[in-house]
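In: Can you look at this prediction? I've put the sequence above it.
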Amino acid sequence: MAELKIGIIGAGRIGKLHAENLKHNEQVELIAVSDLFVDSLEEWTKKLGFHYVTKNYNEIIDDKSIDAIFICSPTSTHAEIIEKAAKYNKHIFCEKPISFSLEETRRILKVVNECKVKF
């Protein structure tokens with residue numbers, strides 16, 4: 001039984017790479033992936049055993065079965081997704097950079113620390 005249930009937001013090159021690597025960890029279960037181009041992901045998500053695919057990343061954040069989120073979306077979306085995920089008590093892995101703005105990065109780090117999630 002997996003100890004950590006994962007949702008991945010963004011299934012481009014780097015999102016797929018992380019999913020492929022996570023699949024080899026017996027303590028991880030890939031629950032969901034979110035991407036705007038879900039139609040092209042059907043075969044890949046079935047092969048990796050994802051439970052579902054969605055265009056709306058909020059479905060992954062709202063999913064109470066998911067413990068941690070991998071954020072592999074464009075940098076311009078990172079801060080918003082990190083903040084929402086932290087407030088929903090999800091642990092977070094985010095591709096760099098967090099933001100193009102140092103001020104926004106500091107604000108997001110404050111939110112993450114206040115929510116006491118692993119980041």
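Out: Okay, I see it.
In: Please count neighbours and contacts with C-alpha atoms only from this point.
Out: OK.
In: Can you give me the buried ones in stretch 56-70?
Out: 57, 60-61, 66-70 (16 or more other C-alpha atoms under 10 Å).
In: do stretch 4-19 as well
Out: By 16+ other C-alpha under 10 Å, the buried positions in stretch 4-19 come out as 4-11, 15-16, 19.
In: same thing with stretch 110-119?
Out: Applying 16+ other C-alpha under 10 Å to stretch 110-119 flags 111-112, 115, 117 as buried.
In: so Lys5 sits right up against Asp63, yeah?
Out: No. With contact defined as C-alpha atoms under 8 Å, Lys5 does not count as touching Asp63 (10.4 Å).
In: Same list (the buried residues of stretch 110-119) but as TSV, adding distance to Ile98 and secondary structure.
Out: Formatted as TSV, the buried residues of stretch 110-119 follow (distance: C-alpha to C-alpha, whole Å; DSSP: H, G, I helix; E, B strand; the rest coil):
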residue	distance to Ile98	secondary structure
Val111	13	helix
Val112	12	helix
Cys115	17	helix
Val117	16	coil
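In: how about the strands of the chain, start to end?
Out: Listed in chain order, the strands of the chain (DSSP state E) span residues 4-9, 28-34, 52-54, 68-71, 91-94.
In: Minimum distance to Glu43: which of those strands has it?
Out: Of all those, it is strand 52-54 that lies closest to Glu43, at 11.1 Å by C-alpha to C-alpha.
In: roughly how far is stretch 32-45 from the heart of the chain?
Out: In terms of C-alpha atoms, centre = their mean, to the nearest Å, the centre of stretch 32-45 is found 14 Å from the chain centre.
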